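Visitor: please find the sequence and the predicted model below.
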Amino acid sequence: MTLEIRWIEDLLALDQEKSISRAASIRHVTQSAFTRRIQNIEASLGFQILKRYSKNIDFTDAGQVLLSTAKSIKNQMNTTITYLEKNIKDNELSIKFAVSHSLITQFFPKFIQKLYSDYNDLKLEIIAANLQQGIRLLKDGSCDFLICYCDQLTLQQLDATLFTYHKIVNMQIVPVTANKNELPKYELNQTFPLLAYSRQAYLRKCVDKMIENKLNYRTLYETDNASDLKALALQGLGIAWLPRLLIEDEINENKLKILDGYSFFQDIYIVRSNMIYSQKINFVWNYLALT
């Protein structure tokens, strides 16, 4: 059996129009010619793909499977074309990373440092995005890689035919407050102002799970950006749960204090789309995720 590319457009036209005559029209062939093309598909496959009724046309179970594949191929082609239009200019391919807000300032520069120093001809672009935004950017070809906090349950909900992922590191998230006269300004065993992540941020649900119905607090501020929360904590405005890497200097300088208890660890992943293929992207993936 030989696959003909025009089958994809023929099937999509039938699905759109639910009529052989109208599908033939948008495919710019006569109805009889289009009918023969459908019959040729069925003859090549060895089974029917259409249920033919007097008033309308519908796909058989086998036809639905074939249609689903046709849609997937079409989507992949559209994504690839969009990606090339956005990223190819003067034969130069840039590598775009979508990175969680709280990982941009400290984690990402260190993570990418060796790659960038070894291969400084690479052009890198960074987009700040939460998990769901990053997945959308990957799907429409607006970025090549997503670096984010995530868990296995969320990752398992991703379509394995569309995405590949690899765990980078397990990051400690700790509650901190300003140092006041060598003592923490706020304590977890008292009512305290909470410097929180916004509801769109992945770390928000992690912190909520840790403290809801366990600690007494009032939410003072919400943001996606962990650096903003660090700045507010340094001003003595409340308690924030921050990546340990983000506050190492402030801890060593005794500007912030880590509060005992209610710390947790969260995995960081790198995710890529399977629909985009290029030597440079595969090289970066192999360098970052598999070495």
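Guide: Arrived safely. Residues are numbered from 1 along each chain as shown.

Visitor: neighbours around the residue nearest to Ile168 when sequence neighbours are not counted, how many?
Guide: What sits nearest to Ile168 in space, not counting adjacent residues and going by Cβ to Cβ, 6 or more residues apart in numbering, is Ile268, at 4.8 Å. Yep, even glycine has a C-beta here, placed from its N, CA and C like the rest. A count of nearby residues for Ile268, using other Cβ atoms under 10 Å, gives 19.

Visitor: now Leu146
Guide: Applying other Cβ under 10 Å, we find 27 residues neighbouring Leu146.

Visitor: please name the residues that touch the residue nearest to it when sequence neighbours are not counted.
Guide: Once flanking residues are discounted, Leu146 sits nearest to Gly134: 3.8 Å by Cβ to Cβ, 6+ apart. Taking Cβ atoms under 8 Å, 6 or more residues apart in numbering, we find Gly134 in contact with Ala98, Ser100, Cys143, Leu146, Cys148, Val271.

Visitor: quick one, which of the residues you listed are buried?
Guide: Buried by 16 or more other Cβ atoms under 10 Å: Ala98, Ser100, Cys143, Leu146, Cys148, Val271, out of those.

Visitor: can you show me the helices along the chain?
Guide: Along the chain, counting by DSSP state H, helices occupy 6-17, 20-26, 31-45, 61-87, 101-104, 107-118, 131-139, 152-156, 202-211, 226-234, 248-252, 279-289.

Visitor: of those helices, flag the one that's most buried.
Guide: Greatest average neighbour count among the helices of the chain goes to helix 101-104 (a mean of 24), per mean count of other Cβ atoms under 10 Å.

Visitor: which strands and helices sit next to that one?
Guide: Contact analysis of helix 101-104 by 3 or more Cβ pairs under 8 Å, 6 or more residues apart in numbering; DSSP states H and E lists strand 124-128, strand 145-149, helix 226-234, strand 239-243 as its packing neighbours.

Visitor: how much space between the residue nearest to Ile168 and Lys255?
Guide: 25 Å (Cβ to Cβ, to the nearest Å).

Visitor: show me where the stretch 101-250 of the chain dips below the pLDDT cut-off.
Guide: Where the stretch 101-250 of the chain drops to pLDDT under 70, the residues are 119-121.

Visitor: ok, 80 please
Guide: Along the stretch 101-250 of the chain, segments meeting pLDDT under 80 span 114-123, 141.

Visitor: domain parsing for the chain?
Guide: 6-88, 91-291 (automatic domain parsing).

Visitor: understood, closing this out.
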